[in-house]
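1. need a 3D model of the sequence below.
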Amino acid sequence: MLLLKNARLFAPAARGVVDVLVAGERVEAIEPAGALSWPAALGDVVDLQGARVVPGLVDAHVHVTGGGGECGLHTRVPRIVLSALTRAGVTSCVGTLGTDVTTRTMRELVATTLGLRAEGLGAWCWTGGYAVPVQTLTGAVRDDITFVDPVIGVGELAVSDHRSSQPTFDELVRIAADCHVGGLMTGKAGVLHLHLGDGARGLSMVRRALEETELPARTFHPTHVNRQRFLVDEAIALARRGCVVDVTAFDPGDEGVAVEDVVGRWLDEGLPAERLTVSSDGAGCLPTFNEQGELVHMDIGRPDTLTKALQELLRRGRALSDVLPFFTSNVARLLRLTGRGVVVAGGSADLVILGDDDGVRDVLARGRWMVRGGEVVVRGTFETAAS
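-> Reported below is the predicted structural model:
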């Protein structure tokens with residue numbers, strides 16, 4: 001048992017100053033400050049003295065097995081470690097494969113996802129990667145969603161990118177249909193998480209799918225839509241039609257749009273608030289190519305770009321309760337991760353306590369302290385192993 005007293009709670013809506021009771025991995029109760037108390041022998045009591053408490057961040061796009069490999073096999077990014085996520089305030093993540101579905105496999109992705117669960121995180125994964133046919137674990141998309149517990153949909157299938165398999169429209173909608181029906185059968189998200197490249201075709205196949213098929217708009221979840229300015233405009237049009245679109249918290253360069261600017265535009269223009277999410281592309285390769293498709297520069301995605309984006313939004317005067325859903329409840333709602341991305345009685349005890357600088361000070365994941373006072377207190381199994 002753990003009692004957090006005098007917490008200024010954003011759940012993500014502002015709840016005022018409250019006491020939060022945690023029992024095991026769940027939030028047991030939320031009551032007005034001073035309403036909950038018991039002898040210290042029954043559990044720890046922490047007086048937060050008005051510090052802001054928010055839901056743990058939900059990151060729908062993390063290369064948990066590592067991305068990269070686009071400049072030779074020596075450039076494969078190492079798998080992500082637990083503390084890289086928790087110190088960024090991420091308590092729930094969805095793992096993905098990327099370009100490389102040859103040396104990276106679904107077996108490895110599922111195993112790594114379950115490993116993160118064992119280390120204390122909330123973790124799920126997409127099946128497949130950039131390529132078509134989809135590289136599944138069981139041999140079929142619908143079977144993966146139905147029979148493989150962590151799998152909640154397909155991703156990150158690539159379109160409008162020279163690294164994609166150049167899928168046809170028919171191939172794309174059949175995969176989306178398998179996602180949708182798999183979700184109906186299981187109660188899982190059943191989402192097709194789409195990687196967007198820089199190609200001029202942009203989101204044209206998604207628009208066509210909405211016009212020519214009966215698939216619901218929520219089936220399609222395009223990501224990296226802020227990598228090009230024209231993609232942001234296309235994504236906004238899709239959001240008006242019911243799609244949830246995803247922006248990546250990375251440096252967009254001269255041709256893209258910073259995540260803070262997209263969120264700001266979303267709020268200023270009164271766009272559908274629940275139809276935007278933010279992800280990190282953590283441990284993924286962030287390449288820059290020339291016109292011949294040759295790699296000229298490579299960076300690596302980091303989960304802490306999420307909290308840096310949140311800090312920047314607050315620095316610009318945005319209200320915490322307005323911007324938090326893009327990093328928390330919007331993601332969990334789309335992915336049907338019940339009890340995540342919110343702070344509610346009966347929900348998962350995934351809590352982040354913000355410091356005076358709006359950064360991550362303390363983190364609880366599934367009721368367990370992961371970060372205290374900005375210092376990591378729980379590390380992954382081999383994080384401290386000698387090299």
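2. count the neighbours of the residue nearest to R229 when sequence neighbours are not counted for me.
-> Sequence neighbours aside, V257 is the residue nearest to R229 in space, at 5.9 Å (criterion: CB to CB, 6 or more residues apart in numbering). Any C-beta I mention is one placed from the backbone N, CA and C, and that applies to glycine too. Neighbours of V257 under the rule other CB atoms under 10 Å: 19.
3. okay, and the closest residue to T136 other than its chain neighbours sits in which element?
-> Closest residue in space to T136, ignoring its immediate chain neighbours: D144 at 4.8 Å, by CB to CB, 6+ apart. Element membership for D144 (DSSP states H and E) is helix 141-147.
4. for that helix, buried residues please.
-> Residues of helix 141-147 classed as buried by neighbour count (16 or more other CB atoms under 10 Å): 141-146.
5. quick one: mean pLDDT over that helix.
-> Averaged over helix 141-147, pLDDT sits at 98.
6. before we move on, back to that, got a list of what the residue nearest to T136 touches?
-> 106, 127, 136-138, 151, 182 (CB atoms under 8 Å, 6 or more residues apart in numbering).
7. farthest-separated two in these?
-> Within those, M106 and G182 form the most distant pair, 15.0 Å apart (CB to CB).
8. wait, a strand at V27?
-> Yes. Assessed with DSSP: H, G, I helix; E, B strand; the rest coil, V27 lies in a strand.
9. in the stretch 101-250 of the chain, which spans are helices?
-> Assigned helices in the stretch 101-250 of the chain, in chain order: 106-118, 141-147, 169-186, 204-212, 229-240 (criterion: DSSP state H, counting those that start in this stretch).
10. shaky segments in the stretch 51-200 of the chain?
-> Residue ranges of the stretch 51-200 of the chain with pLDDT under 70: 69-70.
11. the strands in the stretch 51-200 of the chain, which residues?
-> 52-55, 57-62, 90-95, 122-127, 151-159, 191-196 (DSSP state E, counting those that start in this stretch).
12. adding mean neighbour count and distance to V27, write the ones you listed out as CSV.
-> Formatted as CSV, the strands of the stretch 51-200 of the chain follow (neighbours: other CB atoms under 10 Å; distance: least, CB to CB, whole Å):
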stretch, mean neighbour count, distance to V27
strand 52-55, 24, 10
strand 57-62, 29, 16
strand 90-95, 28, 13
strand 122-127, 26, 14
strand 151-159, 28, 23
strand 191-196, 27, 26
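13. I'd like the ones you listed written out as TSV, with distance to W369 added.
-> Listed next are the strands of the stretch 51-200 of the chain as TSV, based on distance: least, CB to CB, whole Å:
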stretch	distance to W369
strand 52-55	14
strand 57-62	17
strand 90-95	12
strand 122-127	16
strand 151-159	27
strand 191-196	31
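14. any idea which of the ones you listed gets closest to V352?
-> V352 lies closest to strand 52-55 among those, at 5.1 Å (CB to CB).
15. got the contact list for the closest one?
-> So strand 52-55 is contacted by 4, 7-12, 20, 320, 324, 328-329, 340-343, 350-354 (CB under 8 Å, 6+ apart).
16. and G34, what is it in contact with?
-> Counted by CB under 8 Å, 6+ apart, G34 has contacts 5, 19.
17. if we go to 7 Å?
-> Counting by CB atoms under 7 Å, 6 or more residues apart in numbering, G34 touches D19.
18. and whichever strand or helix holds L364, C-alpha only, in PDB?
-> Taking DSSP H and E as the criterion, L364 maps to strand 360-365. Output of strand 360-365 as PDB, limited to C-alpha atoms (Å, rounded to 0.1, in the frame of the first residue of the first chain):
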ATOM      1  CA  VAL A 360      10.100  14.000 -14.700                       C
ATOM      2  CA  ARG A 361      10.900  13.900 -11.000                       C
ATOM      3  CA  ASP A 362       9.400  10.600  -9.900                       C
ATOM      4  CA  VAL A 363       7.800   7.600 -11.700                       C
ATOM      5  CA  LEU A 364       5.500   4.800 -10.500                       C
ATOM      6  CA  ALA A 365       4.900   2.000 -13.000                       C
END
